[in-house]
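Enquirer: kindly return the folded structure for what I paste below:
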Amino acid sequence: MRTLNHFGIPVNYKPEGAMYNAGLNVWLTDYSKSANRIEFIYWEGGESPLPELVLKTAHIAYQVPSLEEALKGQKVIFGPAVCDEHLTIAFIEEEGIALELMEIK
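Expert: Alright, predicted model coming up:
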């Protein structure tokens, strides 16, 4: 079962309060501080392990109880990637858009 977590929206400017994620080569805002659960993503170009679909189009992020189970039979376009001891993410392509699946422990 998927539970809506946030929306990711690429922008062409570095948003105020964005933090740089060196591993992904992108600037990200904290969606938990957004009334609408929006994570703004700014990519300056250059190498990033994220697929173009994530860097250039909006995505929907869902929390899942088991990332391993949620990825079965899916078109995985990134990950799984361990972000920290509490969070593992992956991106899939579904209905032509990127969906972020998050397992939070």
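
Enquirer: gap between the residue of the chain positioned farthest from its centre and Glu94?
Expert: Of all residues in the chain, the one whose C-alpha sits farthest from the chain's mean C-alpha position, using C-alpha atoms, centre = their mean, is Gly73 at 19.5 Å. Distance of Gly73 to Glu94, given as C-beta to C-beta, to the nearest Å: 11 Å. C-beta: built from backbone N, CA, C; applies to glycine.

Enquirer: doesn't Tyr31 make contact with Leu4?
Expert: No: under the criterion of C-beta atoms under 8 Å, Leu4 is not in contact with Tyr31, lying 11.3 Å apart.

Enquirer: between the two, which one's more packed in?
Expert: The residue with the greater number of neighbours, taking Leu4 and Tyr31 and applying other C-beta atoms under 10 Å, is Tyr31; the counts read 17 against 10.

Enquirer: the more buried one contacts His6, correct?
Expert: Yes: taking contacts as C-beta under 8 Å, Tyr31 lies within contact range of His6: 3.9 Å.

Enquirer: identify the contacts common to the two.
Expert: Taking C-beta atoms under 8 Å, 6 or more residues apart in numbering as the contact criterion, the residues that touch both Tyr31 and His6 are 37-39, 61.

Enquirer: give the buried residues for the strand or helix carrying Gly79.
Expert: Under the criterion DSSP states H and E, the helix or strand holding Gly79 is strand 75-84. The neighbour-count check on strand 75-84 (16 or more other C-beta atoms under 10 Å) flags 77-80 as buried.
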